[in-house]
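J.: Attaching a predicted model along with its sequence, questions to come.
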Amino acid sequence: MCGIVGAVAERNIANILLEGLKRLEYRGYDSAGLTVIRDGELHRERQVGKVQALVDAVAINPEFFDGHIGIAHTRWATHGEPAQRNAHPHVSGKIAVVHNGIVENYAELKEELIAKGYEFTSQTDTEVVAHLINDLYKQTPDLLEAVRAVIPLLHGAFALGIVHVDSPEELITVRLGSPLVIGVGIGENFIASDQLALLPVTNRFMYLEEGDIAKLTRNSIQIFADGVEVSRKIHEIDAQQHNADKGEFKHYMLKEIYEQPDAVARTLEMAIDSTNTSKLRDDFLQRHEDKLSGIRNIQILACGTSYHAGMVAKYWFENLTRLPCSVEVASEFRYRNPVVVDNSLVICISQSGETADTLSALRDTQKQKPTGLVSLALCNVATSSLVRETDIYLPTLAGPEIGVASTKAFTTQLVALMLLVLKVGATQQRMDSERLGTLLSELQQLPGQLYASLHLDAAIKTMSESFEDKKSCLFLGRGLQFPIALEGALKLKEISYIHAEGYAAGELKHGPLALVDKDMPIVVLAPKDSMFDKLKANMQEVHARHGELFVFASESSKMVAEDRMHVVYVPDVCETLAPVVYSIPVQLLSYHVAVMRGTDVDQPRNLAKSVTVE
Ligand code: F6R
């Protein structure tokens with residue numbers, strides 16, 4: 001979603017802003033812009049398309065952008081089409097504003113401002129904010145005070161960066177529901193939607209709290225909460241660990257697929273005792289044992305790929321601990337007045353920890369105040385809103401995920417969820433130590449099995465050629481592989497733009513069988529598990545109707561390729577953990593199909609990495 005970068009410094013800041021925007025490209029956007037104050041004027045450039053178009057436009061007259069204070073933005077359209085006039089920064093008089101989030105009551109504010117004589121040049125909600133600040137500044141010619149007076153008038157969730165020609169030393173920022181960090185430099189300070197944007201200039205960050213308003217100058221940072229000046233801790237981070245580049249890979253997505261054995265190994269190390277690998281580490285979630293021992297029900301909330309991880313966890317929780325577990329997409333849960341039963345563990349799964357729907361669903365459960373509610377964030381970003389707002393934080397140690405299509409975050413979510421199942425099972429004595437030991441030893445084989453499944457890359461690339469000109473595709477799985485079928489379909493559609501559906505194979509004859517013909521490829525996830533024989537019968541149903549099958553099967557399944565049936569063998573893995581390993585072939589298949597079709601693999605059209613609006 002939208003990305004903000006801002007800087008106030010002794011040196012020229014245009015390149016810092018542009019580099020920052022490049023580093024935020026992963027968030028998804030459709031236009032980009034920047035404003036720099038120079039010689040008492042706002043110099044603005046905005047372009048539809050990639051940040052590179054903005055870089056090229058700035059390069060035509062670089063001297064216009066030689067300035068010491070400025071703000072920049074990547075826009076993901078919500079109000080108004082992707083167009084230059086809708087790109088940020090938005091300007092009102094001598095004020096420029098960049099904005100992430102949504103101002104819900106912008107229409108009525110706009111009417112009032114038009115009545116006062118303000119002219120609108122865009123279709124955005126953001127322009128309302130610029131005019132409002134301008135209007136209030138006329139009465140209170142102090143930028144911080146004017147911004148402070150505007151915030152209560154705005155409904156919604158947002159982050160802002162604001163500059164004024166008459167205060168060329170001051171950068172004002174607001175965080176209210178959308179992410180924003182302050183980068184602390186020496187004689188220079190910065191703002192951004194994600195610290196990743198600022199790693200070339202600092203490794204020291206302050207994380208604003210919801211409702212914070214801050215004034216940054218070159219040498220000072222003042223933060224206010226409810227009108228009172230407050231201090232926020234400076235966190236020094238290991239820039240090396242947080243940095244992300246493509247290395248020798250063509251795309252972030254491919255790099256991240258290949259990082260999975262290491263990411264999973266790191267996530268396992270967090271919980272498994274290296275001196276006694278048949279035991280969970282004593283310190284794994286130790287201080288939450290009291291809370292975990294009281295829960296009687298699990299409610300999982302998440303969106304997209306994270307929701308699919310939750311679906312797998314439902315099978316695991318119910319099968320291994322016999323605790324009832326529901327899983328629901330957060331965007332539906334939040335609007336249906338759901339019942340949250342007492343003693344529930346609410347697990348919110350999110351790579352970014354900033355997904356607006358997941359955060360709102362969490363807040364709704366908290367508002368109901370059921371007895372014994374315990375909330376847990378399963379998240380890849382330690383500093384995110386979700387982590388701050390929950391009782392327990394269970395990290396996935398995937399490292400920064402830049403490709404919009406989630407890959408390593410998904411497999412580390414699965415692994416962390418299994419670790420949580422084991423912890424709850426052990427804490428509540430719902431699992432004997434033998435079962436626990438067996439699962440732990442199987443978990444430790446996962447990095448090797450993932451590594452081995454990456455060797456399928458060449459075979460899957462060949463397989464992907466059959467998909468290049470296809471319009472539609474089905475993914476089938478049963479039991480634990482059903483969520484992976486859904487995930488495979490999501491991956492394929494989001495990066496290759498081929499329509500794809502995931503189905504529980506037993507449902508074929510209840511409708512989707514009607515779609516089957518020689519032109520629709522059908523991908524089947526077929527590990528040799530307890531559902532294998534039933535799945536083979538489903539494959540026969542397809543084959544008999546001239547469907548072309550692309551099967552990922554266990555080496556031990558003895559499935560053989562035949563006419564209209566292609567088989568790629570996946571390393572043998574225990575049934576319980578097979579969803580983790582079978583994620584790799586569907587990711588690789590989607591990746592190669594997308595590359596072949598020439599799409600923008602890392603930043604697919606219309607999508608954003610961090611969905612901070614509902
Ligand atoms: C798909 C994908 C999305 C996200 C979803 C939730 O590849 O990445 O479906 O999974 O937007 O995002 P998080 O996990 O950040 O809450």
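T.: Happy to help now that I have it.

J.: Is the ligand within reach of stretch 595-604?
T.: No: applying Cβ under 6 Å from any ligand atom, one finds stretch 595-604 separated from the ligand by no less than 9.0 Å. C-beta: built from backbone N, CA, C; applies to glycine.

J.: Pull up the distance across that stretch, start to finish.
T.: End-to-end span of stretch 595-604 (Cα to Cα, to the nearest Å): 11 Å.

J.: Which positions in that stretch come out as buried?
T.: Residues 595, 597, 599, 601-604 are the ones in stretch 595-604 that count as buried (16 or more other Cβ atoms under 10 Å).

J.: Please verify my assumption that residue 454 contacts residue 255.
T.: No: between residue 454 and residue 255 there is no contact under Cβ atoms under 8 Å: 11.9 Å.

J.: For this protein, what lies in contact range of the ligand?
T.: Counting by Cβ under 6 Å from any ligand atom, the chain sits next to the ligand at 303-306, 350-352, 355, 358, 405-406, 490, 494, 610-611.

J.: which of these has the weakest pLDDT?
T.: Within the set of the residues of the chain next to the ligand, pLDDT is lowest for residue 610 (73).

J.: Who has more neighbours out of residue 454 and residue 255?
T.: Set residue 454 next to residue 255 and count neighbours by other Cβ atoms under 10 Å: residue 255 wins out with 20 against 15.

J.: Assign that one to helix, strand or coil.
T.: Here residue 255 is recorded as helix under DSSP: H, G, I helix; E, B strand; the rest coil.

J.: And the strands in the stretch 451-600 of the chain?
T.: Assigned by DSSP state E, counting those that start in this stretch, the strands in the stretch 451-600 of the chain fall at 472-477, 499-504, 521-526, 548-554, 565-570.

J.: Point out where the stretch 201-350 of the chain drops to low pLDDT.
T.: 239-244 (pLDDT under 70).

J.: which residues in it form helices?
T.: Taking DSSP state H, counting those that start in this stretch to define them, one finds helices in the stretch 201-350 of the chain at 239-242, 252-258, 260-269, 289-293, 304-321, 330-333.

J.: May I have the last one as CSV, with CA atoms only?
T.: Spelled out, it's helix 330-333. The C-alpha atoms that make up helix 330-333 are tabulated as CSV, following Å, rounded to 0.1, in the frame of the first residue of the first chain:
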residue,chain,number,x,y,z
ALA,A,330,-10.7,-11.3,9.2
SER,A,331,-12.5,-9.2,6.6
GLU,A,332,-15.7,-11.2,7.2
PHE,A,333,-15.3,-11.9,10.9
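
J.: That one - contacts with which helices or strands?
T.: With contacts defined as 3 or more Cβ pairs under 8 Å, 6 or more residues apart in numbering; DSSP states H and E, the packing partners of helix 330-333 are strand 297-302, helix 356-367.

J.: try 6 Å this time
T.: Applying 3 or more Cβ pairs under 6 Å, 6 or more residues apart in numbering; DSSP states H and E, one finds that helix 330-333 contacts helix 356-367.

J.: now what about the helix it packs on, what contacts it?
T.: For helix 356-367, contacts defined as Cβ atoms under 6 Å, 6 or more residues apart in numbering pick out 301-303, 330-331, 333-334, 340, 346, 348, 350, 385, 612-614.

J.: ok, so of the residues you listed, who is nearest residue 214?
T.: residue 385 (16.9 Å; Cβ to Cβ).

J.: where exactly do the strands run in the stretch 301-450 of the chain?
T.: Under DSSP E, counting those that start in this stretch, the stretch 301-450 of the chain gives strands at 325-329, 344-350, 374-379, 392-395.

J.: Quick one: distance of stretch 266-284 to the chain centre.
T.: Relative to its parent chain, stretch 266-284 has a centroid offset of 27 Å by Cα atoms, centre = their mean, to the nearest Å.

J.: Kindly apply the preceding question to stretch 92-107 instead.
T.: Computed by Cα atoms, centre = their mean, the chain-centroid distance of stretch 92-107 equals 24 Å.

J.: Stretch 96-115 now?
T.: Between the centre of stretch 96-115 and the centre of its chain there are 27 Å (Cα atoms, centre = their mean).

J.: Show me which residues of it are buried.
T.: By 16+ other Cβ under 10 Å, the buried positions in stretch 96-115 come out as 96-103, 106, 109-110, 113.

J.: Dump the C-alpha coordinates for stretch 260-269 into PDB.
T.: Coordinates of the C-alpha atoms in stretch 260-269 are reproduced here as PDB (Å, rounded to 0.1, in the frame of the first residue of the first chain):
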ATOM      1  CA  GLN A 260      12.800 -21.300   2.900                       C
ATOM      2  CA  PRO A 261      15.000 -24.100   4.300                       C
ATOM      3  CA  ASP A 262      17.000 -21.500   6.300                       C
ATOM      4  CA  ALA A 263      13.900 -19.500   7.400                       C
ATOM      5  CA  VAL A 264      12.200 -22.600   8.600                       C
ATOM      6  CA  ALA A 265      15.400 -23.800  10.400                       C
ATOM      7  CA  ARG A 266      15.600 -20.400  12.200                       C
ATOM      8  CA  THR A 267      12.000 -20.500  13.200                       C
ATOM      9  CA  LEU A 268      12.500 -24.100  14.600                       C
ATOM     10  CA  GLU A 269      15.600 -23.100  16.500                       C
END
